[in-house]
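# I would like to see how this sequence folds:
(4 chains)
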Amino acid sequence: MNDLTFVTPEINWTVLGMPAFLMIWAMLVLIVDMFTSDRRVLITLSLIGLGVTAALGALDYGSTVSGFSDMLVFDKFGVLVNWILLAGTALTLLIAFDYMPRQNLNQGEFYPLVLFATSGMLFLVQATDLVTIFIGVETLSIALYVLTGFAVPQFKSGEAAIKYLLLGGFAAGFLVYGIALIYGMTGKTNLAQIATELSTWQSTGKALDDPILLAGVGFVLIALGFKVSMFPFHAWTPDVYEGAPTPVTAYMSVATKGAAFAAMLRFLNVAFPALKPEWQLLFGLFAAATMVYGNIVAVAQSNLKRMLAYSSIAHAGYMLLGVLAASEKGISAFTVYLLAYTLTNLGAFAVLIALENRGMPVFELKDLRGLGKRSPLLALAMTVFMFSLAGVPPTAGFASKFGIFRAAWDANLDYLAIIGVITSVVSAFFYLRVIVTMWMRDAEATEPQPTYATASLSLGVLVAVIGIVAVGIAPNIFTDLAKALVLTVAQ
Amino acid sequence: METFLFITTAIVAVGAALAMVLSSNAVHSALFLILNFCSVAILYFLLRAPFLGAVQVTVYAGAIMVLFLFVIMLLGAENAELGEEKIGWQKPAGLILGVALLAEIGYVAYRGTKLIDAPVADATNIGAPTTISAKLFSTYLLPFEVISILLLIAVVGTVVLTRRRVVAREERQS
Amino acid sequence: MISTNAYVLLSAILFTIGVVGVLVRRNVIIMFMSVELMLNSANLALIAFSRARAESDGQIMTFFVIAVAAAEVAVGLALLVSIFRAKKTTNIDDVNTLKG
Amino acid sequence: MAELIWLVPLLPLLGVVINTLLGLNDLRRSRANAHHDHGHDHGHGHADAHHGHGDNPTSKRSGLIASLMVGLGFVLTLVTLVELLGMPAPTTLGENNRWFDVTYWNWMAFGDLKIPFGFLIDQLSVTMMLLVTGVGTLIHLYAIGYMSHDERPTRFFVYLNLFIVAMLMLVMGNNFVMLFLGWEGVGLCSFLLIGFWFEQRDPPWASVKAFVTNRVGDFGLLMAMFAIYALARKPDGTFLHSLIFREVLDQGTVFSLQQYSTFFMGTQYTAAGAIAFMLLLGVTGKSAQIPLFVWLPDAMAGPTPVSALIHAATMVTAGVYLMIRTHPIFELAPSVQSTVTFIGVATALVAASIALGQYDIKKVLAFSTVSQLGFMVAAVGMGAYVAAMFHLLTHGIFKALLFLGSGSVIHGFGNEQDMRKMGGLRKKMPTTFWTYIVGTMGLIGFPLISGFWSKDEIIGHAFDHDHRTVGILLIVGAVLTSFYMGRQISMVFFGEQRDQHIHAHESSRWMTAPLIGLALLTLASGLINVPGWHPLTTWLEPIVEEEAAKFHLNIAAIVTILGLLAFAAGFYLYNWAAKHKRIKPNQRDLLHHWGGDFYAILEEKWGFDALYNAVLVKPYKALASFFGKFFDVKIIDGIVNGTAELVGLSGRGLRTFQSGYVRSYALMFVIGVVIVLGFFALR
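Just a heads-up that it's a prediction; the model follows:
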């Protein structure tokens, strides 16, 4: 045999800290779940785990460390997105806490599964190698398939899960094939090394627009675009969002998007800045189509969950602008947008959860009638969320949209910025319709539907509202954090 | 010899894949898929990847496909497509798109950079179990460990998804 | 010696057959199998490139893909079994209550 | 005072908080009560809530709190005014030292763009603040009486105070984003207040129409902000990257906007031209100019104090304020300036003519407002900023008076708004009548009263600066104004009451007192910039750099004589008609008898609503439902159908389909893949 010396790999705990801790903690919660069915214990443990994970990020915040053969990186951008994801997860658990038993879904596995999914997302956010990106995507996906089908005796939940799984597997095929093609052309899977390889191509005069390489890039982007529900790959979104248990929908709509966008950002900015003109043009068109499609179809929806699903497609389009701008401003604006969108969308779903009865088959717009009278505070919160989604100042939605459009404009994507502004004008229509229905329409039913604004859910809603208003009034607090993060990605 | 082997195996692989997609009985499909996996495993051996070839046969063609067969038998799902096709255009459209996709990928492979046709001489060992394991437990240790978490999630998920029914029934009875 | 491009072409053909399989078949199980075919063909490409590069990284990626595929199949089949209990069908076209 | 200026918007905000808390408390208590007699009073009592019976004591409580807050703001503004006056007056042209700019915190920062949260207090903003808080206080007081029978006066005052806050943000902000914050805020409050009586059929949709139309305008403003950010440079050529008024509107910077041109969507514009044009789009939305004026008349569905405060005196003037604030940019784009003038004049004429065809007492005033805003916009387009500001102030006062008067009429006439049912109300509502007459005198330019001076200044400026056509057209507009006011006075206050079922009575003192106050202000408001003294010109001179306008006795005489003749014509014509029983409820106007189809066009508002409905609303709805209902199913199917048939493979595809098929989704996915590959690989 030739000299196959086994090099003991160096374990860098700074780099690994956040995802690894959460994975281990999730296993712990899983074990605790076997001995107790008290969901209060489980949620407390889970929230503690999320908190400690967030704290782990704060320990070395600001430094940039790379480890495990450069497959994983610890940098400001990663930590920041991770924090947003952790906050989103915590909110999800809060709003799910009373919902799950109410819907007869009181399986303790819910908590560890959510934690596992989140840990996969953290891993994906920090991934800087195609291998880790692939594994991160699959970890979060498999956990989400299960969560989507969590209510499985209900047919809708199972249907949503099988649709998601089939199409998710389909997309995974493209992801692997794309990775294979990129690996074949460059001989590398590490994002930074791919960029180096491409620059040597440039210096040796080799053309960069090799069709195989471009096809690989396209396939990977398609798979990531599927996760964020970008336009022609969005078709699963409404069905899955409608069928999944509402807290899971809320969770998917923000966390998956955030993690997949982060991976897309790294993929494009670290590995393929050289091909920027190519992907900026094509995916710019997709971004435009996503914004237009999501907003226009949302108008025609009467089911609230589906309306929010199409709205989330539209918001994916907006976030894509930040990604495509591929600039410091764009990335910083993306993180702000992600934060604002996470708070807002989770809040909006929380309000739906507060209104959702057990076994309610569909959730129609008209069910909101008279909410302003029945529970004004909930309606007020929903109003704030709708205004934030529509991008009305002084909510977070406005500040973040402003940043995104400006970044796009600066990156010479002015046509996208214009389409963005126009479509967000259109979007005002259906968000406003919700507000009009709540405040200006009286309930039909003689028997008022009960609302379930329990303590934990109210806490979640309150946090979301405060966050939205705070980010809206002083986004600086957050953008200051987000300032230098960009360099580590955009290098 | 190698060329002959490649061509024969490739033909078998493509034929098995086509038969898998075309056969109406799901059991036949599964068997054809196993045939496809085995022929691809032969290609792996040709490509200096004996370890992966073995994994392909044992894990893929063995374990995973057995699971498939088991579920088909369990559900009696050999002929799930007896009803009339509800989306009439789906088949032709799928075929057209398939042809378009194939044309595009083929064109890409044709136009793209010709890779080093002759493998480097010392590529002999790249697929040996020792090489693979050495890399797996050093460079690729992290993904390897995370894969274990992924499998754990799958196990938990499988339990959650199938146990549900029992719980619900118990509740109904009580 | 067979050129790498030939292997890539073969894998492209298999990949496309897998894609078409997902598009035209209605039996969920066969659709799953088509997805497996797609993953498998990607693996073939990976291993072919691995030889061309004289590195084992592609093979290791293949190893991971097989593991992930196994996990996905397990979850998918479990889901299928529980759906089958409710609706006695594995025809995907019968699973369409969510739409619009 | 500079240290305390933040109190001005904070006080109404405090009012919002206090009233919200009180309102929530009321709600809780009423719910506790409702719990006791559960089952009673459920299905009815909502429909005509606002003219239910019995006084609502919360109106007085909440109203007084709200009024007090705005009133204190007015006092503080007065103090600020005195302080600014105490600063040294500018000695040379172009110099201005009567201002202060306070920044409280950095509101947003994106990269190199910093947006402070701060106020710019100068002559222009103080003038606007005085109008907002002054007229605002009076209208708040009036609303106490007006809303006394309403179900939820507290909520009303919360909205009203919130509006004041937003409007103050708009005029006080020291940068474009602050202005935009206020701009959206007033739009939002307007939306809430128009739809305040949501139990009725029209208000909710009128409010949505207003909001959506305004969003179109907001789009313009937002784009202008982006453009300013992207294009403005310092005199040394480096990018400014700022949206702060004092930096952007600095002479050197503004000049850069003319030097550099930009390619925007493939066409070349000077930067100033592009920005001014987009700003203009914003103005047409907020200040209800052609082509976006359609929302304002519908906005009259809101309570009358709202019409007076928001849709006459303050919010709709925001566009004029914006143009005056950014006038250096407009001055670099003469072609846009002429567009502004054109739009102003066209709006003035079209709206005035439409007012001839309205039967609803408030709709007449609404179109009159649109028309008068046209006067102001035309003035700004010609560069007569002081005249525009002057007219803005006088109009704010007398139009508020007219609206409140009409509200008093409506309130005292059983909530009926159709003028054809009225008549002879001068005896039953003497105070309302006399104050209404004063307001009308202001509007038609009765000699020596407010509108006489301000309108004349605009028209005089037109003739002085070689805009003769504009001047003549504006005179025509003024004549039309006089005519429809004569018509209105006659129909409402003279003759005999035509619908005898309604018991008319004078309104309470809460309502008449502000009317009297506003009437006195109207009589005095001409002094704001009376020729010979020109206090407003002197005051604003450092900002707009404009010399005092000359007074033209001949023009004034012509306008006044023509106006009075038109008023008399309208008045006597309809008096005659009333006497001969030619005015009946549900019967078309006398002029229709003579004018025929042309008059019908006026009644139909020149077809703008119908046009928008046909061209925009319907296709949009169709498109939306088309995408919603079909895209997932039929479009894909359709495309595929076509393809399939083309290849002759399948005729079976023409069946009816349902969506929800995963395979269709996968198909769409693969279409995307084919596009991506085709783009990347096959170029």
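
# of all of the stretch 51-200 of chain D, which residue lies closest to chain A?
Across the stretch 51-200 of chain D, the shortest distance to chain A (Cβ to the nearest Cβ) belongs to D:Phe198, at 3.1 Å. Quick note: C-beta positions are derived from backbone N, CA and C, even for glycine.

# on the three-state scheme, that residue is what?
What DSSP: H, G, I helix; E, B strand; the rest coil gives for D:Phe198 is coil.

# report how many residues lie close to it.
21 (other Cβ atoms under 10 Å in any protein chain shown).

# for chain B, which spans come out with low pLDDT?
Scanning chain B for pLDDT under 70 picks out B:80-88, B:113-124, B:164-174.

# ditto for the stretch 251-400 of chain D
D:259-269.

# and the closest residue in space to the residue of the stretch 51-200 of chain D closest to chain A that isn't next to it in sequence, how far from D:Leu192?
Closest residue in space to D:Phe198, ignoring its immediate chain neighbours: A:Met440 at 3.1 Å, by Cβ to Cβ, 6 or more residues apart in numbering or on different chains. As judged by Cβ to Cβ, to the nearest Å, A:Met440 and D:Leu192 stand 10 Å apart.

# please apply the same query to D:Gly439.
27 Å.

# try D:Pro9
Distance of D:Pro9 to D:Leu192, computed by Cβ to Cβ: 18 Å.

# check D:Ala366 too.
For D:Ala366 relative to D:Leu192 (Cβ to Cβ), the value is 19 Å.

# please apply the same query to D:Lys362.
19 Å.

# before we move on, what's the pLDDT of residue 69?
No chain in the question, so chain A it is. We note a pLDDT of 80 for A:Ser69 in this prediction.

# my bad, chain C
91.

# mind listing what the residue lying closest to B:Phe45 once chain neighbours are set aside touches?
Using Cβ to Cβ, 6+ apart and skipping the chain neighbours, the partner closest in space to B:Phe45 is B:Gly53 (4.6 Å). Residues in contact with B:Gly53, defined by Cβ atoms under 8 Å, 6 or more residues apart in numbering or on different chains, are B:41-42, B:44-45, B:127.

# the helix or strand hosting B:Gly53: how far from the chain's middle?
For B:Gly53, the enclosing helix or strand under DSSP states H and E is helix B:50-55. Put simply, helix B:50-55 sits 14 Å off its chain's centre (Cα atoms, centre = their mean, to the nearest Å).

# with stretch A:404-421 instead?
22 Å.

# what are the buried residues along it?
Residues A:404-411, A:413-414, A:416-421 are the ones in stretch A:404-421 that count as buried (16 or more other Cβ atoms under 10 Å in any protein chain shown).

# what subset of these is also close to chain D?
Among those, proximity to chain D is found for A:405-407, A:409-410, A:414, A:417-418, A:421 (Cβ under 8 Å from any Cβ of the partner chain).

# sorry, back to before: who's more crowded, D:Pro9 and D:Leu192?
D:Leu192 (25 against 22).

# which non-adjacent residue is nearest the more buried one?
In space, D:Leu192 is closest to D:Tyr159, 4.9 Å off (Cβ to Cβ, 6+ apart).

# next, the one you found: secondary structure please.
helix.

# same deal with the one 10 residues further on?
Of the three states, D:Met169 takes helix according to three-state DSSP.

# repeat for D:Asp101
Applying three-state DSSP: D:Asp101 is strand.

# so in terms of bridging, what pairs with it?
D:Leu120 (DSSP bridges).

# would you turn the ones next to chain D among the buried residues of stretch A:404-421 into a markdown table with secondary structure, distance to D:Ala32 and pLDDT?
Output for these, formatted as a markdown table (DSSP: H, G, I helix; E, B strand; the rest coil; distance: Cβ to Cβ, whole Å; pLDDT from 0 to 100):
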| residue | secondary structure | distance to D:Ala32 | pLDDT |
| --- | --- | --- | --- |
| A:Phe405 | helix | 48 | 87 |
| A:Arg406 | helix | 50 | 82 |
| A:Ala407 | helix | 52 | 85 |
| A:Trp409 | helix | 54 | 82 |
| A:Asp410 | helix | 56 | 81 |
| A:Asp414 | helix | 57 | 80 |
| A:Ala417 | helix | 52 | 85 |
| A:Ile418 | helix | 53 | 83 |
| A:Val421 | helix | 47 | 83 |
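
# hey, which helix is longest across chain C?
Ordering each helix of chain C by length in residues (DSSP state H) puts helix C:57-87 first.

# list the contacts of D:Met300.
D:206, D:307, D:311, D:360, D:362-363, D:365-366.

# again, but for D:Thr347
Applying Cβ under 8 Å, 6+ apart, the residues near D:Thr347 are D:288-290, D:293, D:370-371, D:373-374, D:377.

# so the residue in the stretch 401-550 of chain D that chain A sits nearest to is in which element?
Per Cβ to the nearest Cβ, D:Asn415 is where the stretch 401-550 of chain D lies closest to chain A, at 19.5 Å. Applying DSSP H and E as the criterion places D:Asn415 outside every helix and strand.

# what is the burial count for it?
Neighbour tally, D:Asn415, other Cβ under 10 Å: 12.

# for D:Pro305, see how far away it is.
15 Å.

# which residues are contacting stretch A:77-89?
Against stretch A:77-89 from outside (Cβ under 8 Å, 6+ apart): A:18, A:50, A:53-54, A:57-58, A:61, A:114-115, A:118, A:121-122, A:125-126, A:251, A:254-255, A:258-259, A:262, A:265, A:331, A:335, A:338-339, A:342-343, A:346, A:481-482, A:485-486, A:488-489.

# are any of the residues you listed buried, and which?
A:18, A:50, A:53-54, A:57, A:114-115, A:118, A:121-122, A:125-126, A:251, A:254-255, A:258-259, A:262, A:265, A:331, A:335, A:338-339, A:342-343, A:346, A:481-482, A:485-486, A:488-489.

# strands of the chain, start to end?
The chain I'm using is chain A. With DSSP state E as the criterion, chain A has strands at A:65-67, A:72-74.

# ah, no, chain D please
Going by DSSP E, chain D shows strands at D:100-110, D:113-121, D:261-264, D:267-270.

# weakest of those strands by average pLDDT?
The bottom spot among those, by mean pLDDT, belongs to strand D:261-264, with a mean of 58.

# so which of the contacts of D:Thr347 belong to helices?
Filtering these for helices - DSSP H - leaves D:370-371, D:373-374, D:377.

# residues contacting the closest residue to D:Ala578 other than its chain neighbours?
By the measure of Cβ to Cβ, 6+ apart, the closest residue to D:Ala578 outside its immediate chain neighbours is D:Gly495, 3.5 Å from it. Counting by Cβ under 8 Å, 6+ apart, D:Gly495 makes contact with D:423-424, D:575, D:578-579.

# report the buried members of those.
D:423, D:575, D:578.

# could you report the neighbour count for D:Trp533?
12.

# now the residue lying closest to it once chain neighbours are set aside: how far from chain B?
Leaving out its chain neighbours, the residue that sits closest to D:Trp533 by Cβ to Cβ, 6+ apart is D:Leu527, at 7.8 Å. Separation of D:Leu527 from chain B (Cβ to the nearest Cβ, to the nearest Å) stands at 79 Å.

# state the pLDDT value of D:Leu527.
For D:Leu527, the predicted pLDDT is 83.

# repeat that for A:Leu167.
A:Leu167 carries a pLDDT score of 92 in this model.

# neighbours around it, how many?
23.

# what about it, distance to chain D?
6 Å.

# surely that residue touches A:Ala223?
No - contact status for A:Leu167 versus A:Ala223: not in contact, 10.9 Å apart, counting by Cβ atoms under 8 Å.
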